[in-house]
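Colleague: Quick check, what structure comes out for this input:
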Amino acid sequence: MTAEVVGVDHVQLAIPEGGEEVARCFYRDILGFQEVPKPEALAARGGCWFERGAVALHLGIDPEFRPARKAHPALLVSDIRAFSERIGAAGFPVRDDQPIEGYKRIFTEDPFGNRIELMQKL
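Modeller: Alright, predicted model coming up:
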C-alpha cells in the first residue's frame with residue numbers, strides 16, 4: 001500500500017498579537033466565514049479559526065509577525081464581482097491579475113497585509 005496526500009485540512013495565516021477582532025471583521029463579516037471554536041488546548045495561544053463549507057482557515061498569532069505578501073490562499077468564490085465590490089467598499093484593495101484559463105481572479109489583502117486570492121471558475 002502506498003501513502004498519499006488525500007486533501008488539505010486547513011490553511012494557516014499569521015496575524016499580529018491582538019489582531020483577532022480585526023480578523024473577525026474581515027474574514028467573518030466581509031468574506032463570509034463562520035468562526036469556529038479552537039480546541040481548548042490551543043485556545044490560550046490566541047488567534048481564531050474560520051470555516052466555510054470544506055474550507056478552513058486558521059489565524060495564528062506570531063509575535064514576530066510579517067505579512068505574507070507572496071504566499072497566499074486562493075479561495076474559490078461563486079461571484080467574484082460581488083466579492084470585489086464588497087471588499088472595495090470596505091476599503092480593502094482589489095487588484096486584477098493576469099488571467100488563468102478557466103478562471104476570473106482578483107487579489108486583495110487582509111487587514112494585516114496578508115495576500116488573498118479570490119478565484120471564480122468560468
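
Colleague: And the least confident helix or strand in the chain by mean pLDDT, how far out from the chain middle?
Modeller: When each helix and strand of the chain is scored by mean pLDDT, DSSP states H and E, helix 40-43 comes last, with a mean of 92. Relative to the centre of its chain, helix 40-43 is centred 21 Å away, using C-alpha atoms, centre = their mean, to the nearest Å.

Colleague: and it, what other elements does it pack with?
Modeller: Packing partners of helix 40-43 (3 or more C-beta pairs under 8 Å, 6 or more residues apart in numbering; DSSP states H and E): none among the helices and strands. Bear in mind the C-beta positions are built from the backbone N, C-alpha and C, glycine included.

Colleague: pull the CA atoms of that helix into PDB?
Modeller: Below are the C-alpha coordinates for helix 40-43, written out as PDB (Å, rounded to 0.1, in the frame of the first residue of the first chain):
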ATOM      1  CA  GLU A  40      -9.400  24.100  24.400                       C
ATOM      2  CA  ALA A  41      -5.700  23.000  24.400                       C
ATOM      3  CA  LEU A  42      -4.900  25.600  21.700                       C
ATOM      4  CA  ALA A  43      -7.200  28.500  22.700                       C
END
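
Colleague: And the average pLDDT for the helix or strand following that helix is what?
Modeller: Later in the chain than helix 40-43, the nearest helix or strand by DSSP states H and E is strand 48-52. Strand 48-52 carries an average pLDDT of 97.

Colleague: Same question for stretch 68-81.
Modeller: Mean predicted lDDT for stretch 68-81 stands at 96.

Colleague: now for the longest helix seen in the chain, which elements pack on it?
Modeller: Counting by DSSP state H, the longest helix found in the chain is helix 80-89. With contacts defined as 3+ C-beta pairs under 8 Å, 6+ apart, the packing partners of helix 80-89 are strand 103-109, strand 115-121.
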